[in-house]
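Q: Starting from these lines, generate the structure:
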Amino acid sequence: MQIGIVSDTHGQVEFTRAAVRMLESFEVEQVIHCGDIGSTAIIDLFAPWPTHYVVGNVDFDHQQLQEAAAAVGHTFHGLFGELSLDDRKIAFLHGHDEARLAATIESGDYDLVCHGHTHKAANYLVGSTRVLNPGALYRASRHTIAIVDLPQLEVNIVPA
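A: Numbers count the residues shown, from 1 in each chain. From the prediction side, this is the model:
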């Protein structure tokens, strides 16, 4: 199973459309958005997939985003989300609460921890936990997303 990980769309519809085309090319089955969504128009672009959202530090209208996600059958997790897919436990959060991000990573409770906020792609291990930042679709030197192959946890950071 392949899943797409995106973050920091900041309401940028055209950049997000490019990311959606990339997700389609990889035939992902689900998408996780790690926050700083920016507008309800972004949520509509992810309608083809079951999509999970957390909010970021510039997502001010949580209620509006939550309603938009529900309208297309998506899941809005608030500040912190977790899923089990293909026998892998996944946590996702925006990452602006650095203490919570560090505690989540260091807990060892998750196979994969996804976050955004820095606008810089990263993929590394802390113990047995894979830590992934897919990069950003706005205010980044290179717009990137990540494709994760489960259950192997193989990560591919790709241009969007």
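Q: Tell me who's in contact with Thr9.
A: Thr9 sits next to 15-16, 19, 33, 36-38, 42, 136-138 when contact means Cβ atoms under 8 Å, 6 or more residues apart in numbering. C-betas here are computed from N, CA, C, even on glycine.
Q: neighbours around Ala99, how many?
A: For Ala99, the count of nearby residues is 7 (other Cβ atoms under 10 Å).
Q: Quick check: which element contains it?
A: According to DSSP states H and E, Ala99 maps onto helix 98-106.
Q: Could you export that helix as CSV, CA atoms only?
A: Provided in CSV are the C-alpha atoms of helix 98-106 (Å, rounded to 0.1, in the frame of the first residue of the first chain):
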residue,chain,number,x,y,z
GLU,A,98,8.6,21.1,19.2
ALA,A,99,8.3,19.4,22.6
ARG,A,100,5.3,17.3,21.6
LEU,A,101,7.0,16.4,18.3
ALA,A,102,10.1,15.3,20.2
ALA,A,103,8.1,13.3,22.8
THR,A,104,6.1,11.6,20.0
ILE,A,105,9.3,10.6,18.2
GLU,A,106,11.2,9.5,21.4
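Q: What are the buried residues along it?
A: Across helix 98-106, burial judged by 16 or more other Cβ atoms under 10 Å covers 101, 104-105.
Q: same thing with stretch 20-31?
A: 20, 22-23, 28, 30-31.
Q: Most neighbours out of the contacts of Thr9, which is it?
A: Neighbour tally across the contacts of Thr9 (other Cβ under 10 Å): the maximum, 32 neighbours, falls on His33.
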